[in-house]
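A.B. asks: Structure for the following, please:
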Amino acid sequence: MVKKYKKGNDVSYALGATVVMELLNNRPDKARAVYISEKSDVKAVVDRAHACGVPVVVGDKPFNILSPKENCFAIGEFDKYDCALSRERNHIVLVNPSNSGNLGTIMRAALAFDCTDIAVIRPAVDAFDPKTVRASMGAAFSVNTRFYDSFDDYAKEFYDREIVPFMLCGSPFAEKEFSRDKKYSLVFGNEATGLPSEFSEYGAVRIEQSDKVDSLNLSVAVSIALYKIRNL
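C.D. replies: Below is the predicted model:
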């Protein structure tokens, strides 16, 4: 039986038919069950669950617990899992992100721009929170997200790449030269505070903008950076 989600739980939930399909298509081995509302017949989800050998349960009680006010007719229950980051790909590094919507949107942008390895530095929002998973529109199941207790822990593991911090004090991002022969870690700070000043030692860059706003939303900034690096 489903329970209200808590960060310390071993399981989480994918809310909505589209997100459940992404779970079943990309992490079927992690799916425990699919719950279908009595108010809707999402046949494609049911057929896919059966093809994956995932139990299907029909009834509205799980929806009253997990999604009482949303237009949600399918829920996927899944085991949380660990991911390894690739040494052969560029990385997004998020230092202390605090918003589920931002992290989910970044996951979706990462998948769109083929930069699917995301390092998250604690303290940070929960990557498996149903709000994060839903904001990603299921991209959470196609990207590799790994948590580190500190940026130093990440940097020690991936010592052989160029660190590119995004800071308001940095040089223009448009002038940054990227090489196809290198691997990069694009580093972004917390939504409210940005990156600590010591990150400027790596050679920070900034996304040029008008003076009419203080800064870009975190997920927007990440998307702009990913678009450029994808087109190397």
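A.B. asks: what comes into contact with the lengthiest strand in the chain?
C.D. replies: Determined from DSSP state E, the single longest strand within the chain is strand 162-172. Applying Cβ atoms under 8 Å, 6 or more residues apart in numbering, the contact partners of strand 162-172 are 155, 173, 176, 182-189, 194-195, 199-200, 202-208, 215, 221, 225. Quick note: C-beta positions are derived from backbone N, CA and C, even for glycine.
A.B. asks: would you list every one of the strands in the protein?
C.D. replies: 11-15, 31-36, 56-58, 74-79, 91-95, 117-121, 144-148, 162-172, 184-188, 205-206.
A.B. asks: Which of those strands sits closest to G138?
C.D. replies: Of all the strands of the chain, the one in closest proximity to G138, counting by Cβ to Cβ, is strand 11-15 (6.9 Å).
A.B. asks: coming back round to it: quick one: the longest strand of the chain to strand 91-95, angle?
C.D. replies: 70 degrees (axes from the mean of the first three to the mean of the last three Cα atoms, to 10 degrees).
A.B. asks: strand partners of strand 162-172, parallel vs antiparallel please.
C.D. replies: strand 184-188 (parallel), strand 205-206 (parallel) (DSSP bridges).
A.B. asks: Kindly compare burial across those strands and name the winner.
C.D. replies: Ranked by mean neighbour count under mean count of other Cβ atoms under 10 Å, the strands paired with strand 162-172 are led by strand 184-188, which reaches a mean of 23.
A.B. asks: Show me the beta-bridge partners of Y148.
C.D. replies: Going by DSSP bridges, Y148 forms beta bridges with I121.
A.B. asks: Relative to D114, how far out is it?
C.D. replies: Using Cβ to Cβ, to the nearest Å, Y148 is found at 23 Å from D114.
A.B. asks: Please apply the same query to A192.
C.D. replies: The gap separating A192 from D114 is 29 Å, by Cβ to Cβ.
A.B. asks: what do you get for N102?
C.D. replies: 20 Å.
A.B. asks: quick one: which of these two has more around it?
C.D. replies: When neighbours are counted by other Cβ atoms under 10 Å, N102 and D114 differ, and N102 comes out ahead with 21 against 11.
A.B. asks: residue contacts, the more buried one?
C.D. replies: Listed by Cβ under 8 Å, 6+ apart, the contact set of N102 reads 125, 135, 191, 217-219.
A.B. asks: what ranges do the helices span in the chain?
C.D. replies: 17-26, 43-52, 61-66, 100-112, 130-135, 151-157, 218-230 (DSSP state H).
A.B. asks: before we move on, back to that, filter the contacts of strand 162-172 down to the buried ones.
C.D. replies: The neighbour count (16 or more other Cβ atoms under 10 Å) marks 155, 173, 176, 183-189, 194-195, 199, 202, 204-207, 221, 225 as buried among these.
A.B. asks: Which pLDDT value belongs to the residue lying closest to K4 once chain neighbours are set aside?
C.D. replies: Leaving out its chain neighbours, the residue that sits closest to K4 by Cβ to Cβ, 6 or more residues apart in numbering is I65, at 6.3 Å. I65 is assigned a predicted lDDT (pLDDT) of 93.
A.B. asks: List the residues that contact I65.
C.D. replies: Contacts for I65 (Cβ under 8 Å, 6+ apart) come out as 2-4.
A.B. asks: Between these, identify the one with the most neighbours.
C.D. replies: In the contacts of I65, the most neighbours by other Cβ under 10 Å go to V2, 18 neighbours.
A.B. asks: which non-adjacent residue is nearest it?
C.D. replies: P62 (4.4 Å).
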